[in-house]
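1. fold the following and give me the result.
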Amino acid sequence: MRAYVLSIGTELVHGRLTDTNATYLAQELLQAGIELLHVIQTGDDLPRLVNVLRAAAMDADLVICTGGVGPTADDLTREAIAALIGETPEIDPELLAGIQAFFASRGMTMPAQNGKQAWLIPSAIALDNPVGTAPGWLARHDGVTIVAMPGVPREMFRMWREQALPRILTDLPPRAVSAITFKTIGIGESAAELEVADLVAIQNPTVSTYAKDDGVQVRVSALAPTMDVADRMRIETAHEVERRLGRYIYGSDDESLPGALLSMLASSGLTLSIAEHGSGGRFGTLLQSSPNASLALLGAVSFPSNPNELPPDATNLANVAIARFGMASVGLGIVVRTQPDERLVHHGTVDVAIQGVLRQSQEFALRGGFEDVQRRASLSAADLLFRALKP
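-> Numbering: from 1, shown residues only. Predicted coordinates for the structure are as follows:
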């Protein structure tokens with residue numbers, strides 16, 4: 001099965017919103033074994049939208065639309081699908097009653113314009129929306145399945161998983177997908193891919209690398225007629241990936257970088273305190289983004305850089321952190337030293353030092369915009385702490 005994703009809304013075309021829905025659907029289609037041909041953004045213009053739908057339906061078996069199913073005059077996805085198929089939408093009494101009940105549950109009367117959200121055409125079935133007022137559509141026309149869902153991510157994600165995807169899967173031959181995503185720190189994407197280059201060349205299972213804000217991710221995905229076979233294929237390749245990249249892997253799937261570091265500290269019976277200079281407190285903020293931060297983190301402090309003063313020593317800063325927060329067993333100091341050039345690209349280094357029962361230090365080169373320099377400084381600290389803690 002081949003698919004198009006149409007992200008509908010002038011606010012997307014004008015760059016006022018980021019299209020997170022398309023990213024989510026691309027990942028979901030890959031997991032389902034459906035080939036995604038194109039992702040297209042189009043504005044709220046009925047003739048143009050009909051033309052885009054027609055072109056997508058001529059090239060794909062599945063067309064997924066997000067956005068344009070609201071109650072206002074510029075929400076035109078239903079009208080476009082109806083025009084493509086050649087049918088006239090009519091209000092469905094059951095859908096209308098559901099929308100009215102949604103408003104009533106909030107002590108409100110449904111505005112008349114929301115009545116268009118109860119439209120339905122003969123070729124479509126409604127997709128329930130338990131967290132919003134806009135039902136979706138799943139229409140079938142000339143061998144093509146067309147899905148329309150809300151543009152609000154929390155509504156779309158749930159509708160896709162509970163309503164649309166199960167119906168689409170009935171059109172696919174029996175298959176199962178088994179996948180795992182390894183998360184790494186301390187290695188770049190090109191270096192990681194080089195380590196598994198021969199595995200990347202294999203079509204099934206697939207091995208793919210992705211550069212993310214929290215490091216490089218390596219995904220292993222196997223497609224087979226049954227889950228038992230898919231699991232066996234995935235496990236064999238995943239073990240090989242783990243053998244080659246194990247020293248960089250801090251977790252898999254939903255495990256987060258701060259969660260992994262805090263778990264390693266806690267399992268070793270260690271507590272951590274942090275002092276940062278010139279990094280915007282990014283590493284302390286990263287660890288505190290975990291709900292389990294209090295398991296091992298005693299505290300973090302951050303100082304802004306001052307171009308008129310010499311920056312402190314990272315080792316001294318780590319010892320300051322130990323003393324400041326109740327004598328933590330491990331102190332980590334971060335000192336960023338960069339200067340911007342005429343293009344405001346910052347060049348320099350970040351010194352990271354670990355003191356206490358663990359002792360390590362390293363200088364990392366930095367180059368980039370100011371915010372990216374701070375982000376990279378945080379990742380450098382995470383890398384050094386991970387290596388200090390890893391058995």
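2. which residues sit in contact with the closest residue to S305 other than its chain neighbours?
-> In space, and not counting its chain neighbours, S305 is closest to G278: 3.5 Å by CB to CB, 6 or more residues apart in numbering. C-beta here means a position set from N, CA and C on the backbone, and glycine is covered the same way. Applying CB atoms under 8 Å, 6 or more residues apart in numbering, we find G278 in contact with 303-305, 311, 334-338, 377.
3. return a ChimeraX selection command for the buried portion of those.
-> In ChimeraX syntax, the buried subset of the contacts of G278 is picked out as below (16 or more other CB atoms under 10 Å):
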select :303,311,334,335,336,337,338,377
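4. could the contacts of G278 go into TSV alongside secondary structure and pLDDT?
-> Formatted as TSV, the contacts of G278 follow (DSSP: H, G, I helix; E, B strand; the rest coil; pLDDT from 0 to 100):
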residue	secondary structure	pLDDT
F303	strand	94
P304	coil	93
S305	coil	89
P311	coil	90
I334	strand	98
V335	strand	97
V336	strand	96
R337	strand	94
T338	strand	92
A377	helix	96
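5. the contacts of G278: which two are farthest apart?
-> Pairwise distances across the contacts of G278 peak at 15.1 Å for F303 and T338 (criterion: CB to CB).
6. run through the helices of the stretch 151-300 of the chain in chain order.
-> 153-159, 165-169, 189-195, 197-200, 227-245, 257-267, 282-288 (DSSP state H, counting those that start in this stretch).
7. which residues does the longest one contact?
-> Judged by CB under 8 Å, 6+ apart, the contacts made with helix 227-245 from elsewhere in the structure are 176-180, 182, 184, 187, 192, 195-196, 199, 202, 204-205, 207, 218, 220-224, 249.
8. helix/strand/coil for N308?
-> coil (DSSP: H, G, I helix; E, B strand; the rest coil).
9. just the pLDDT for it.
-> The score at N308 is 80. That number is its pLDDT.
10. then A381?
-> For A381, pLDDT reads 97.
11. kindly report the same for S273.
-> We have a pLDDT of 97 for S273.
12. isn't it up against L287?
-> No - between S273 and L287 there is no contact under CB atoms under 8 Å: 10.7 Å.
13. can you name the residues that contact the residue nearest to G143 when sequence neighbours are not counted?
-> Counting by CB to CB, 6+ apart, G143 lies nearest to D61, which is 7.1 Å off, once chain neighbours are set aside. Neighbour list for D61: 1-3, 143-145, 171 [criterion: CB under 8 Å, 6+ apart].
14. follow-up on the earlier one: now the helices of the stretch 151-300 of the chain as TSV including mean pLDDT, mean neighbour count and distance to M110?
-> Shown next, in TSV, are these (pLDDT from 0 to 100; neighbours: other CB atoms under 10 Å; distance: least, CB to CB, whole Å):
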stretch	mean pLDDT	mean neighbour count	distance to M110
helix 153-159	93	18	17
helix 165-169	92	15	28
helix 189-195	95	16	50
helix 197-200	96	13	53
helix 227-245	95	16	44
helix 257-267	96	20	43
helix 282-288	96	22	43
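15. how about the ones you listed, which one is nearest E35?
-> Per CB to CB, nearest to E35 of the helices of the stretch 151-300 of the chain: helix 165-169, 13.1 Å.
16. what is that closest one packed up against?
-> helix 20-32 (3 or more CB pairs under 8 Å, 6 or more residues apart in numbering; DSSP states H and E).
17. now the helix it packs on: average pLDDT?
-> 90.
18. list the buried residues of the next helix or strand after it.
-> With elements assigned by DSSP states H and E, the helix or strand that comes after helix 20-32 is strand 35-42. Neighbour counts over strand 35-42 (16+ other CB under 10 Å) mark 36, 39-42 as buried.
19. next one: stretch 268-277
-> 270-277.
20. likewise stretch 320-335?
-> 320-322, 324-325, 328-335.
21. C-alpha coordinates for that stretch, CSV please?
-> Presented in CSV, the C-alpha positions along stretch 320-335 are these (Å, rounded to 0.1, in the frame of the first residue of the first chain):
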residue,chain,number,x,y,z
VAL,A,320,31.8,24.1,44.6
ALA,A,321,28.7,22.1,43.5
ILE,A,322,29.5,19.3,45.9
ALA,A,323,29.8,21.7,48.9
ARG,A,324,26.8,23.8,47.9
PHE,A,325,24.2,21.0,47.9
GLY,A,326,24.7,18.9,51.0
MET,A,327,27.9,17.2,50.1
ALA,A,328,26.8,15.3,47.1
SER,A,329,28.9,12.2,46.2
VAL,A,330,29.5,13.5,42.7
GLY,A,331,29.9,17.1,41.5
LEU,A,332,29.8,18.2,37.9
GLY,A,333,31.1,21.5,36.6
ILE,A,334,30.5,23.0,33.2
VAL,A,335,32.3,26.0,31.8
